[in-house]
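Peer 1: one predicted model, sequence on top.
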Amino acid sequence: MKAHASGATGAATLASTDAPFARLVGATRRFGELTALDDVTLDVNAGELIGLLGPNGAGKSTLLSLVQGRRRPTSGTVELFGGSPSDARSRLRLGSTPQETALPDTLRVGEVVDLVAAHYPDRVPTAEIADEFGFSELLRRQCGSLSGGQKRRIAVALAFVGRPKLVLLDEPTTGLDVDARHVLWAAIRRHHAAGTTVVVTSHYLEEIEALAERVIVIDHGRVLADDTLTAVRDRVMSAVVELTSPEPARVAALPHVVRDEVVGEGAAAAGRLRLTVDDADAFVRELVTSGAAFERLTVRGASLEEAFLALTLTEQATPLAASDRSAS
Ligand SMILES: Nc1ncnc2c1ncn2[C@@H]1O[C@H](COP(=O)(O)OP(=O)(O)OP(=O)(O)O)[C@@H](O)[C@H]1O
């Protein structure tokens, strides 16, 4: 795993400092017995657009809350702009959207935008931000009358209204339809191109693919991968192969098999194997060359859950026990 990203964007040169905008070193956060974040070390550098990808409960929000200074690490350190995340000066350079949007029901949308913008020395004009995030027609509406998706769009826009250097977006497009999602993605990309550093969390691979240049995959509080989008996509793009074979242990031991299980019940399903492989074409070539008997082979793309699982197993390089292979 690498802790520093290439930051290969033109926007990186706009930064006034070489220090990372955020730095976590061995950051661990526990809630009682539960370790939500486990020994995380990474930098967020100026100009990056980072996707934090992980399933529900992976620790994404916890990581953001440490950077925002809303929570403290149980152990390890977290810095924001080279100082404490709870320092008010640091927060002026930070924009964020809470997962649960809480806009005051009785205020008009335009009033809320002005209220939030008033905290910042240099703000985006209301009409401009509304146009960019697609809610110009809502400016005079009371927040209480808005749909969940409309509130979501406004909440994300609020993260950018003070022209912060670093924006943290926690699942920005949850609950949005495809069109609204695309409007938001375009606005996020525009702000990034103009020099804003962005960290966005999601459990949708599609969203991370649409936005991020660097991807950090997190699960059970641990960083499983931290690399370019292309490199991470290659690794999570595993496939699931099913086949029936009288010699399952031999098939499961072939190269490219990351995970194996026997599926189905009863005699009819005996020898039916489900394999997660990191390269389906290469696996099938190996299978044929091996001479192992097989029939009824099917291949499909792995679900994100299966891909995460495969990634976890690859990272830990867990040897699959022979007993697992023959388990029913
Ligand atoms: N205040 C809290 N008290 C106890 N447990 C918590 C608290 N906040 C988070 N957790 C637990 O920590 C783990 C990580 O949660 P976190 O919200 O960071 O995950 P996430 O990746 O953001 O998930 P999601 O995608 O569902 O929002 C989960 O098991 C969660 O239940």
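Peer 2: Looks like it arrived, so ask away. This is a predicted model, so every value here is computed, not measured.

Peer 1: who's in contact with the top helix by length along the chain?
Peer 2: In the chain, assigned by DSSP state H, the helix with the most residues is helix 178-193. With contacts defined as CB atoms under 8 Å, 6 or more residues apart in numbering, helix 178-193 is touched by 9-11, 49, 132-134, 149, 152-153, 156-157, 160, 167, 169, 172-173, 176, 198, 200, 207, 210-211. In short, each C-beta sits where N, CA and C put it, glycine included.

Peer 1: buried residues in that helix?
Peer 2: Of all the residues in helix 178-193, those buried under the rule 16 or more other CB atoms under 10 Å are 180, 181, 183, 184, 185, 187, 188, 191, 192.

Peer 1: distance check, the second one against residue 134.
Peer 2: Note on residue 181: its distance to residue 134, by CB to CB, to the nearest Å, is 11 Å.

Peer 1: which residues in the protein form helices?
Peer 2: Under DSSP H, the chain gives helices at 60-67, 88-91, 109-117, 126-132, 148-158, 178-193, 205-211, 229-236, 248-252, 280-290, 304-316, 322-326.

Peer 1: of all those, which one is nearest the ligand?
Peer 2: helix 60-67 (3.2 Å; CB to the nearest ligand atom).

Peer 1: so the closest one, near the ligand or not?
Peer 2: Yes - against the ligand, helix 60-67 shows contacts by CB under 6 Å from any ligand atom at 60, 61, 62.

Peer 1: for the record, mean pLDDT for that helix?
Peer 2: Average pLDDT, helix 60-67: 95.

Peer 1: can we start the residue count at 25 from this point?
Peer 2: Right, with 25 as the first residue, what we last looked at is helix 84-91.

Peer 1: distance between that helix and the chain's centre?
Peer 2: Taking CA atoms, centre = their mean, to the nearest Å, one finds helix 84-91 lying 12 Å from the centre of the chain it belongs to.

Peer 1: what helices or strands is that helix leaning on?
Peer 2: Applying 3 or more CB pairs under 8 Å, 6 or more residues apart in numbering; DSSP states H and E, one finds that helix 84-91 makes contact with strand 46-55, strand 58-68, strand 73-77, strand 99-104, strand 190-194, strand 221-226.

Peer 1: for the ones you listed, could you give me a markdown table that also reports mean pLDDT and distance to residue 145?
Peer 2: Output for the helices and strands packed on helix 84-91, formatted as a markdown table (pLDDT from 0 to 100; distance: least, CB to CB, whole Å):
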| stretch | mean pLDDT | distance to residue 145 |
| --- | --- | --- |
| strand 46-55 | 97 | 21 |
| strand 58-68 | 97 | 22 |
| strand 73-77 | 94 | 24 |
| strand 99-104 | 96 | 18 |
| strand 190-194 | 95 | 16 |
| strand 221-226 | 94 | 18 |
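
Peer 1: which ones are touching the residue of the stretch 125-274 of the chain found nearest the ligand?
Peer 2: Nearest residue of the stretch 125-274 of the chain to the ligand (CB to the nearest ligand atom) works out as residue 227 at 5.3 Å. Going by CB under 8 Å, 6+ apart, residue 227 touches 77, 78, 79, 80, 82, 195, 328.

Peer 1: most neighbours among those residues, which one is it?
Peer 2: Comparing the contacts of residue 227 by number of neighbours (other CB atoms under 10 Å), residue 77 comes first, having 29 neighbours.

Peer 1: that one and residue 91, how far apart?
Peer 2: Residue 77 is 17 Å from residue 91, by CB to CB.

Peer 1: check residue 104 too.
Peer 2: On the measure of CB to CB, residue 104 and residue 91 end up 6 Å apart.

Peer 1: quick one, the longest helix of the chain and strand 73-77 angle?
Peer 2: 130 degrees (axes from the mean of the first three to the mean of the last three CA atoms, to 10 degrees).

Peer 1: quick check: angle from helix 202-217 to strand 190-194?
Peer 2: 160 degrees.

Peer 1: count the neighbours of the closest residue to residue 319 other than its chain neighbours for me.
Peer 2: Spatial nearest neighbour of residue 319, excluding adjacent residues (CB to CB, 6 or more residues apart in numbering): residue 268 at 5.3 Å. Neighbourhood size, residue 268 [other CB under 10 Å]: 19.

Peer 1: for residue 268, list each beta-bridge partner.
Peer 2: Per DSSP bridges, residues listed as beta-bridge partners of residue 268: residue 296, residue 319.

Peer 1: how close does it get to residue 262?
Peer 2: In terms of CB to CB, residue 268 sits 21 Å off from residue 262.
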